[in-house]
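Novice: here is my input, please return the structure:
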Amino acid sequence: MLKLSFVASAVALSIGVTLMATPITRAVTKQARADAAKARADYIAANPAATEADISDGAFDAYVASIAKQTITGWDGVGDADGNPVPATPDNIDLFLSLEEPFDVYVTEVINPALGIEDEKNGSAPSSTGSTAASTSDTAKTNPGTSDAPATNIVEDA
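Specialist: Numbers count the residues shown, from 1 in each chain. Down below sits the predicted model:
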């Protein structure tokens, strides 16, 4: 049965962050495509000699950020450098997504399933951070001064 619900629900990510997010609707993806197209045009205008890969990466980053900003209403497990929780504001969402691991996890665990994409071999765009290449290390970095807290859960104010 298809359940039509547009209320925020909890989405637990594999990096220890829980998002409160509304569903990714057609209106959300339409706005994200428009934001990506604008980012692409702006990047080309500012960097006429840019490569297609750089242009595409920037557009994909804008697409992901647009979806996140439209749907994330709150979160748990994201804090500043002192471990204090930070609100899920557009600026903090940008900071969260500027980190490689949260970006990749958000794409693979939230966006791809919502859009019916199973994995990269099934048509998703390659990560702008190059995660499609073989990894040289599978060891997560930790926060300074701790032994087990993942660094990916830190958002510092700009």
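Novice: tell me the average confidence for stretch 32-43?
Specialist: The average pLDDT within stretch 32-43 is 97.
Novice: mind checking how far the closest residue in space to Pro90 that isn't next to it in sequence is from Pro87?
Specialist: The shortest distance from Pro90 to any non-neighbouring residue, by Cβ to Cβ, 6 or more residues apart in numbering, is to Lys69 (5.0 Å). (C-beta placed from N, C-alpha, C; glycine too.) According to Cβ to Cβ, to the nearest Å, Lys69 and Pro87 sit 13 Å apart.
Novice: what about these two, which has more around it?
Specialist: Neighbours per residue, other Cβ atoms under 10 Å: of Lys69 and Pro87, the larger number sits with Lys69, 19 against 11.
Novice: all strands of the chain, in order?
Specialist: 9-12, 18-21, 72-76 (DSSP state E).
Novice: export those to TSV and tack on mean pLDDT and distance to Lys30?
Specialist: Formatted as TSV, the strands of the chain follow (pLDDT from 0 to 100; distance: least, Cβ to Cβ, whole Å):
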stretch	mean pLDDT	distance to Lys30
strand 9-12	88	21
strand 18-21	94	18
strand 72-76	95	18
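Novice: do you know which of the ones you listed lies nearest Ala37?
Specialist: strand 72-76 (21.9 Å; Cβ to Cβ).
Novice: from the contact counts, what lies against the closest one?
Specialist: Helices and strands touching strand 72-76, as assessed by 3 or more Cβ pairs under 8 Å, 6 or more residues apart in numbering; DSSP states H and E, comprise strand 18-21.
Novice: any idea which residue sits dead centre in the protein?
Specialist: Phe103 (3.7 Å; Cα atoms, centre = their mean).
Novice: next up, phi/psi of Val86, please.
Specialist: Dihedral pair for Val86: phi -120, psi 150, per degrees, to the nearest 10.
Novice: make that Ile24, sorry
Specialist: Torsion angles, degrees, to the nearest 10, at Ile24: phi -80, psi 110.
Novice: what confidence value was assigned to it?
Specialist: Ile24 is assigned 93 on the pLDDT scale.
Novice: now do the contacts for it.
Specialist: 67, 71, 110-111, 114-115 (Cβ atoms under 8 Å, 6 or more residues apart in numbering).
Novice: by neighbour count, which of these wins?
Specialist: Counting by other Cβ under 10 Å, top hit in these: Ile67 with 25 neighbours.
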